[in-house]
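*Asks:* how would this look folded up:
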Amino acid sequence: FLTPEPLHHWHWEFYDYDTQWCIRAVGVQEIDFQFSILQPITGCWHFKTGISKLKQVTGRVQCELQHYMVVVIVGSVPPGLVQAVQALLNFRYLTQAP
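*Replies:* Below you'll find the predicted structure:
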């Protein structure tokens, strides 16, 4: 079981690195469009204007980005990048399991 500090660091790392890689790979306009057209779900964050202009991101928003990222980038980037992002997400989720 991990303490909150490593978990916070990994969520922060996802936003600072993985999300930025995906934005560069897909393109700012395309990724903003893909996030803006996602169906709003009650209880989940909806990115009406996309994600490229986010400045201060809370842990909740970082988790929501992790939920949506693979779905948004599939078909827009090479399969290797999708597999890399999915593997990093799987690692983060498995480390949270007791």
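*Asks:* And Ala84, how close does it get to Phe91?
*Replies:* As judged by C-beta to C-beta, to the nearest Å, Ala84 and Phe91 stand 11 Å apart. C-beta here means a position set from N, CA and C on the backbone, and glycine is covered the same way.
*Asks:* Just want to know which of the two has more residues nearby.
*Replies:* Set Ala84 next to Phe91 and count neighbours by other C-beta atoms under 10 Å: Ala84 wins out with 14 against 10.
*Asks:* tell me which element the more buried one falls in.
*Replies:* Following DSSP states H and E, one finds Ala84 within helix 79-96.
*Asks:* Quick check: buried residues in that helix?
*Replies:* Buried residues in helix 79-96, defined by neighbour count with 16 or more other C-beta atoms under 10 Å: Leu81, Val82, Val85, Leu88, Leu89, Arg92.
*Asks:* Redo these as TSV? Include distance to His11.
*Replies:* Listed next are the buried residues of helix 79-96 as TSV, based on distance: C-beta to C-beta, whole Å:
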residue	distance to His11
Leu81	20
Val82	20
Val85	14
Leu88	12
Leu89	11
Arg92	8
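*Asks:* would a markdown table of these with pLDDT and distance to Arg24 be doable?
*Replies:* Listed next are those as a markdown table, based on pLDDT from 0 to 100; distance: C-beta to C-beta, whole Å:
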| residue | pLDDT | distance to Arg24 |
| --- | --- | --- |
| Leu81 | 93 | 10 |
| Val82 | 95 | 15 |
| Val85 | 93 | 13 |
| Leu88 | 91 | 16 |
| Leu89 | 90 | 18 |
| Arg92 | 84 | 21 |
